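[1] Fold the stuff below for me.
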Amino acid sequence: GRYRNSTLRKCVDAEDWMNASHEIRKWVFAGGKKLNGLVLRREIEAELLLKS
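    Here you go, the predicted model:
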């Protein structure tokens, strides 16, 4: 999938939580559409990454 070569994965692998929290907010599309549920989920996940 797209995650394998993503900047998000590189940040996570490097334990760069600040940049990972920014990158994860970009992952809000499914089927080519921006989904409000994913926007909310990614915001929560971004906050969790910053607490790591």
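[2] Point out the other helices and strands that the host helix or strand of Glu45 packs with.
    Using DSSP states H and E, Glu45 sits in helix 36-50. Judged by 3 or more Cβ pairs under 8 Å, 6 or more residues apart in numbering; DSSP states H and E, the packing partners of helix 36-50 are helix 17-24. C-beta coordinates here come from the backbone N, C-alpha and C atoms, glycine included.
[3] List the buried residues of the helix it packs on.
    17, 20-21, 23-24 (16 or more other Cβ atoms under 10 Å).
[4] The helix holding Glu45: which residues count as buried?
    Result for helix 36-50 [16+ other Cβ under 10 Å]: buried residues 38, 42, 45-46, 49.
[5] Over to stretch 3-19?
    Neighbour-count burial for stretch 3-19 [16+ other Cβ under 10 Å]: 8, 11-12, 17.
[6] Any chance of TSV for those residues, columns pLDDT, distance to Phe29 and secondary structure?
    Shown next, in TSV, are the buried residues of stretch 3-19 (pLDDT from 0 to 100; distance: Cβ to Cβ, whole Å; DSSP: H, G, I helix; E, B strand; the rest coil):
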residue	pLDDT	distance to Phe29	secondary structure
Leu8	98	13	helix
Cys11	98	19	helix
Val12	97	19	helix
Trp17	97	23	helix
